[in-house]
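Chemist: Please work out how this folds:
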Amino acid sequence: MAFSPVFGVAALLLCFFTVEGNDSAIGNLSSTLVVDVNGGRTIPETLFGIFFEEINHAGAGGLWAELVSNRGFESGGRTVPSGIFPWTVIGNESDISVETDATSCFENNKIALRMEVHSDNKEVGVSNPGYWGMNIEQGKKYKVVFYGRSETPIQLTVSFVGDYGQTKLASATVSTNGTSGWRKFETILEAQATDHHANLQITASKKGVIWLDQVSAMPVDTFKGHGFRNDLAQMLVDMKPRFLRFPGGCFVEGGWLRNAFRWKETVGPWEERPGHFGDVWMYWTDDGIGYFEFLQLAEDLGTPPIWVFNNGISHNDEVNTSVIWPFVQEALDGIEFARGDPKSKWGSLRADMGHPTPFNLTYVAVGNEDCGKYNYQGNYLVFYNAIKKAYPDIKIISNCDATAASLDHPADLYDFHIYTTASDMFSQRNKFDKVTRGGAKAFVSEYAVWHEDAGSGSLFAAVAEAGFLIGLELNSDAVSMASYAPLFVNTNDRSWMPDSIVFDSYQLYGTPSYWMQHFFKESSGALLLNSTLQSNSSSLAASAIAYQNAENKQNFVKIKVVNFGETPENLTITLNGLDYVQQALSTMTVLTSANKMDENSFADPMKIVPKQTPLKNASKDMTVQLASYSITSFDLCRTASN
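Modeler: Numbers count the residues shown, from 1 in each chain. This next block holds a predicted model:
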């Protein structure tokens with residue numbers, strides 16, 4: 001992810017209709033697409049996937065279902081007393097005093113909260129709003145865990161509170177034992193009402209001193225039981241991604257190396273993870289979603305993980321190649337954690353975390369957007385040689401672009417990022433036409449239309465991106481992988497726009513760019529058919545594939561056509577070698593809208609989504625009209641009915 005400030009929101013988009021089988025109704029045909037259904041080549045299994053970066057509170061306060069923000073009171077720093085944001089105090093100074101000290105039982109995060117209650121019979125304590133409010137829903141259960149100690153026995157009340165502190169949605173009491181030792185408390189709260197902006201409160205009404213640390217609240221029901229928010233994870237499942245790149249992006253680099261993502265600090269028991277401040281996107285993360293959780297997510301999605309690790313370079317400081325080995329060893333240890341025998345040093349830690357079977361890690365990226373940095377190529381070669389020696393099968397991704405000239409160093413893939421205007425994105429569909437075949441393949445790990453053309457997620461952007469992806473599909477002998485960026489945005493922290501999936505504490509929607517990617521779900525591993533587009537228009541892009549539908553096992557020819565023009569376009573489609581079309585199962589799917597700058601929103605989340613209709617006149621020869629600013633897919637079933 002390239003670093004950039006937020007840009008203003010634009011508004012955009014289009015209109016559409018389709019006519020089939022009647023030349024006189026359409027008028028003079030301007031373009032033809034000829035497809036040979038019996039010739040082509042196989043598209044890489046990994047062509048279209050997803051890229052997750054901790055940006056826009058995508059994980060902390062998003063995909064990771066933890067409700068408590070700053071659960072270990074560490075975000076204020078290691079010097080005490082420190083701030084406890086976003087925690088707040090319930091009660092006035094005469095009834096309660098709160099500060100941090102360094103008395104925690106956890107060596108990696110020594111900060112704890114000291115809460116002294118000065119009077120009896122007044123309920124006082126601390127409150128946490130989570131990430132702009134916690135979504136607590138009636139009938140659902142939530143597991144609350146925290147560590148505490150007290151000098152005297154004290155009863156604590158743990159509650160979810162809604163109506164801005166006025167209504168208790170769920171509550172339970174626990175009692176400290178009045179000894180000097182720390183104790184772990186767990187309770188399940190079942191909500192009696194719903195509030196999308198609730199707080200978690202821990203209160204007491206008896207004089208005494210209580211220490212608190214590592215306060216967690218999570219829904220009992222998470223995606224596959226692994227801690228991910230169900231609705232956001234399902235949005236990923238529905239995309240059928242063929243890889244997961246993680247955890248960044250600039251998040252991997254850090255503004256300074258001291259704030260870079262370092263995997264060893266994000267594994268092991270969650271209570272012992274120190275957390276860190278992401279100084280590029282400027283927020284604290286407890287690292288509940290760490291290296292292990294990313295590997296688990298990839299496995300849960302049934303897709304290969306692509307681990308991006310720090311190569312000793314941040315935005316502002318670098319490690320010289322002569323002393324880079326500790327970073328190399330860290331990467332080797334990380335691979336062992338993912339792939340090692342459960343009795344190996346780092347594989348045993350993975351096993352202790354509940355996953356004795358190795359993860360299927362076969363791709364790693366040495367840094368992010370660092371090719372131009374002074375030490376990058378020297379550092380890269382040390383990483384490359386060490387990893388290939390230990391793990392010859394791992395495919396290594398270089399940050400250096402090879403679209404203009406071949407790489408001067410070994411690599412299996414090279415990274416290519418593009419953020420640009422809509423018109424330029426559409427024109428870049430030809431970017432890889434003349435790229436040298438052989439050698440490293442391209443990994444287009446970050447692409448998106450941005451700035452005014454994209455707004456907060458416009459149809460205009462999505463149509464341009466679809467044209468670009470058709471170009472990648474046609475050049476999939478030179479391009480192995482591609483993913484949109486960023487994937488998620490919490491609407492309360494729009495550090496980067498646009499994004500694929502927008503959410504807050506309880507609701508979400510896909511932008512047109514999210515739905516655009518659904519047109520390419522069947523492409524990875526499919527047969528790319530030979531096709532020829534003849535057109536006087538510069539606004540069309542088209543491709544054709546043969547695939548088998550996973551649900552009904554029927555064989556299909558899918559023709560995707562993008563019209564990036566402001567007027568409808570006429571198109572004749574001829575499929576040579578197609579003997580049979582089952583009209584009953586053939587469909588047409590269109591993504592379009594009345595205005596090219598139209599967007600989805602919480603108020604109208606389905607304004608721009610793919611609309612599928614039966615293709616009643618499906619045949620090997622069709623004439624159609626393509627709407628302005630549209631993406632259209634014709635799925636022709638070529639399997640005879642029983």
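
Chemist: Just the CA trace of stretch 396-412, in PDB.
Modeler: C-alpha atoms of stretch 396-412 as PDB (Å, rounded to 0.1, in the frame of the first residue of the first chain):
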ATOM      1  CA  ILE A 396       9.900 -15.400  -3.500                       C
ATOM      2  CA  ILE A 397       8.400 -12.100  -4.500                       C
ATOM      3  CA  SER A 398      10.600  -9.100  -5.300                       C
ATOM      4  CA  ASN A 399       9.500  -5.500  -4.900                       C
ATOM      5  CA  CYS A 400      11.100  -4.500  -8.200                       C
ATOM      6  CA  ASP A 401       9.000  -3.900 -11.300                       C
ATOM      7  CA  ALA A 402       9.900  -6.000 -14.300                       C
ATOM      8  CA  THR A 403       7.300  -4.700 -16.800                       C
ATOM      9  CA  ALA A 404       9.900  -2.500 -18.600                       C
ATOM     10  CA  ALA A 405      13.000  -4.600 -18.300                       C
ATOM     11  CA  SER A 406      13.900  -7.900 -16.800                       C
ATOM     12  CA  LEU A 407      15.000  -8.100 -13.200                       C
ATOM     13  CA  ASP A 408      18.700  -8.100 -12.500                       C
ATOM     14  CA  HIS A 409      18.300 -10.400  -9.500                       C
ATOM     15  CA  PRO A 410      16.600 -13.800  -9.100                       C
ATOM     16  CA  ALA A 411      12.900 -13.900  -8.200                       C
ATOM     17  CA  ASP A 412       9.800 -16.100  -8.800                       C
END
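
Chemist: ok, and what's touching it?
Modeler: Applying Cβ atoms under 8 Å, 6 or more residues apart in numbering, the contact partners of stretch 396-412 are 306, 363-371, 376-377, 380-381, 383-384, 387-388, 395, 413-416, 431-432, 435-436, 439-443, 445. For the C-beta atoms, the positions are set from N, CA and C on the backbone; glycine is no exception.

Chemist: repeat that with 6 Å
Modeler: With contact meaning Cβ atoms under 6 Å, 6 or more residues apart in numbering, stretch 396-412 is reached by 364-365, 367, 370-371, 384, 395, 413-416, 435, 439-440, 443.

Chemist: Identify, from those residues, the entry nearest to A464.
Modeler: Using Cβ to Cβ, F416 comes nearest to A464 of the contacts of stretch 396-412, at 16.8 Å.

Chemist: Please give me every residue in contact with that closest one.
Modeler: Applying Cβ under 6 Å, 6+ apart, we find F416 in contact with 401, 442, 444.

Chemist: count of neighbours near the first one?
Modeler: Right, the one you point to is D401. 15 (other Cβ atoms under 10 Å).

Chemist: helix, strand or coil for K389?
Modeler: What DSSP: H, G, I helix; E, B strand; the rest coil gives for K389 is helix.

Chemist: Find the helix or strand that the closest residue to E299 other than its chain neighbours is a member of.
Modeler: Distances taken as Cβ to Cβ, 6 or more residues apart in numbering place F359 nearest to E299, at 6.2 Å, with adjacent residues excluded. Of the helices and strands defined by DSSP states H and E, none includes F359.

Chemist: for F359, phi and psi?
Modeler: F359 adopts backbone torsions of phi -80, psi 160, taken as degrees, to the nearest 10.

Chemist: Wait, it touches A338, no?
Modeler: Yes: if you go by Cβ atoms under 6 Å, F359 and A338 touch, sitting 4.5 Å apart.

Chemist: ok, back up a step: which of the contacts of stretch 396-412 ranks first by neighbour count?
Modeler: F443 (28 neighbours).

Chemist: For that residue, give me its contacts.
Modeler: Neighbours of F443 in contact, by Cβ under 6 Å, 6+ apart: 397, 413, 415, 481.
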